[in-house]
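**Q** starting from these lines, generate the structure:
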Amino acid sequence: MFRFSNAVCIGLSLAICLMHATLAETQTAKPITEDEVGAWLNQKYDCLADSPPPHFWRFDFYDFAADGKQEALVVASTCETGTAGPDVHSVLSRNSDGEIEEWKIAEVPNSTYDNLFGNRNSDLSFKEGNLVETFYDDADRDTPLVITRKWNGKEFAVVSIKKTGVFKTSYDCVKATEEVERAICHVDSLAKLDVELSAAYRSLAARVPLAERDQLKSEQRDWLAKRDRQCAPYKAWVRCLADMYKERTDEIKKRLSALQSDTLRTP
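**A** Take a look at the predicted model:
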């Protein structure tokens, strides 16, 4: 859009200058709509002409810059992601030409996400003047990662990062290579189940006859392979692992209890 400077306004009527200034302000202040953002996203992601419009998980308005103007907080799924979850996490506004522009959100190192597994998704929200990104990777796992950012005039800069740590398991998490093993290290409830199973297994291994110990070891290796195969992190992997661990621990404890009973009955 052609902008009228003070010098130009001297040679034109004040009414014309005011008209153009009012038009620019109107274009900038015009609320952003879902249909408009949908068309903008389809063009940005090179979606086909017959692609469905984006699915909006969140479309809210906030005054991030505290200047009296509201920006659109958008979480959406485009043609690139389908039903896998949102791939758009943006804050949008209008520039002085009335066009949609995206505000910069500061990136974080890839290592920030090392405690997330499976189908990773996130949501954006506005809390206490901050842009808060909350990550999820399983319905049975509560907010493993939260990144808080604040607008500084140029970008949403990172204010804080809160994430789950590594919990004690029966093995060394630093040396864990399998994805299932690494995932267990980052979920407190699963780490506790792993420790419980390991203790029960060691107790049983100490009591079975020597001739049966190799068979028990082979049986446990087969169970671990089954665990990794059936509960590979994607969807509902926390529940899958929890159920498998509880079932295996109950089985081991029953066998241990039977051996202890036989020992008591032996004269």
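
**Q** mind saving the C-alpha coords of stretch 84-100 as PDB?
**A** Provided in PDB are the C-alpha atoms of stretch 84-100 (Å, rounded to 0.1, in the frame of the first residue of the first chain):
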ATOM      1  CA  ALA A  84      -1.700 -37.100  13.400                       C
ATOM      2  CA  GLY A  85      -2.200 -33.900  15.400                       C
ATOM      3  CA  PRO A  86      -1.500 -30.200  15.000                       C
ATOM      4  CA  ASP A  87       1.500 -29.100  13.000                       C
ATOM      5  CA  VAL A  88       0.700 -25.300  13.300                       C
ATOM      6  CA  HIS A  89       1.500 -23.500  16.500                       C
ATOM      7  CA  SER A  90       1.500 -19.800  15.600                       C
ATOM      8  CA  VAL A  91       0.700 -16.300  16.700                       C
ATOM      9  CA  LEU A  92      -0.700 -14.200  13.800                       C
ATOM     10  CA  SER A  93      -1.400 -10.500  13.400                       C
ATOM     11  CA  ARG A  94      -2.000  -8.000  10.600                       C
ATOM     12  CA  ASN A  95       0.700  -5.800   9.200                       C
ATOM     13  CA  SER A  96       0.100  -2.200   8.200                       C
ATOM     14  CA  ASP A  97      -1.000  -3.500   4.700                       C
ATOM     15  CA  GLY A  98      -3.700  -5.600   6.300                       C
ATOM     16  CA  GLU A  99      -1.900  -8.900   5.400                       C
ATOM     17  CA  ILE A 100      -1.400 -11.800   7.800                       C
END
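
**Q** offset the numbering so it begins at 329, please.
**A** Right, with 329 as the first residue, what we last looked at is stretch 412-428.

**Q** residues making contact with that stretch?
**A** When contacts are defined by C-beta atoms under 8 Å, 6 or more residues apart in numbering, stretch 412-428 is touched by residues 329, 331, 352, 355-358, 360, 364-365, 368-369, 382, 385, 392, 397, 399-406, 408-409, 429-431, 433, 447, 449-452, 459, 461, 484. Bear in mind the C-beta positions are built from the backbone N, C-alpha and C, glycine included.

**Q** go on, stretch 379-395?
**A** By C-beta under 8 Å, 6+ apart, stretch 379-395 touches 359, 362-363, 365-366, 369-370, 397-407, 414, 416, 419, 431, 451-454, 457, 459, 479, 481, 484.

**Q** at 7 Å instead, please
**A** For stretch 379-395, contacts defined as C-beta atoms under 7 Å, 6 or more residues apart in numbering pick out 362, 366, 369-370, 397-407, 414, 419, 451-452, 454, 479.

**Q** from these, which land in helices?
**A** 362, 366, 369-370 (DSSP state H).
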